[in-house]
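Enquirer: Mind looking at a prediction? Sequence and model below.
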Amino acid sequence: MKLRLLCVGKLSEPWLKAGASEYQERIGRYLPLTLSELREEKGGGKKPDARYIQEQEGARILDRIPPGAFVIVLDEGGSPFTSEKVAGLLEHHMVQGTAELVMVIGGAYGLSAGVKKRADLLLSLSALTLTHQMARLFLLEQIYRGFTIVRNEPYHNR
Ligand SMILES: C[S@@+](CC[C@H](N)C(=O)[O-])C[C@H]1O[C@@H](n2cnc3c(N)ncnc32)[C@H](O)[C@@H]1O
């Protein structure tokens, strides 16, 4: 199985870049991971048109989803997950032979209705709203944690 992360926007802070690249490297020990940063739509003006921004970014996201992929869209209003449930999800798709698992993180204005509609699963990391940059780091850590749970390796400590 291949894992592909589609993230709107870049990481601006060095500490976020360091954390994300650490967990990307760790996840890469379990399966091939690619992470694509998609261009953020410029808000412009004093009152950005959130809907327009979501639609523009949404088109870029949908364009990058390969046909047949299982798509998990990260959304605070999605289904609440525990780390064990993330592990179960990863294991399920590896055992089922899913060719490509795609995970999507939206930009500062969130995701279009079209992207949410394409989701096979809407996943919430927490009921709190995270910045898209923080959501990326949290997601990467939870994916890594999930693999250590699947493999029964020391990290989760439960
Ligand atoms: C700043 S948030 C967007 C907030 C926007 N107001 C909305 O309604 O979605 C940017 C992105 O980070 C991800 N995100 C933020 N908090 C999250 C959470 N608690 N669970 C899952 N994803 C989250 C989502 O992909 C979201 O589109």
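Expert: Arrived safely. Just so you know, these numbers come straight off a predicted model, no measurement behind them. Numbers count the residues shown, from 1 in each chain.

Enquirer: which residues of this protein fall in helices?
Expert: Applying DSSP state H to the chain gives helices spanning 14-27, 50-63, 83-96, 113-118, 132-150.

Enquirer: and this protein, which residues reach the ligand?
Expert: Within reach of the ligand by C-beta under 6 Å from any ligand atom, the chain has these residues: 74-76, 105-106, 108, 110-111, 124-126, 128-132, 135. C-betas here are computed from N, CA, C, even on glycine.

Enquirer: Mind checking which of those are in strands?
Expert: 74-76, 105, 124 (DSSP state E).

Enquirer: So how do I select the buried members of these in PyMOL?
Expert: To isolate the buried subset of those in PyMOL, counting by 16 or more other C-beta atoms under 10 Å, use the following:
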select buried, resi 74+75+76+105
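
Enquirer: gap between Glu41 and the ligand?
Expert: From Glu41 across to the ligand, the span is 13 Å (C-beta to the nearest ligand atom, to the nearest Å).

Enquirer: swap in Leu137?
Expert: Separation of Leu137 from the ligand (C-beta to the nearest ligand atom): 11 Å.
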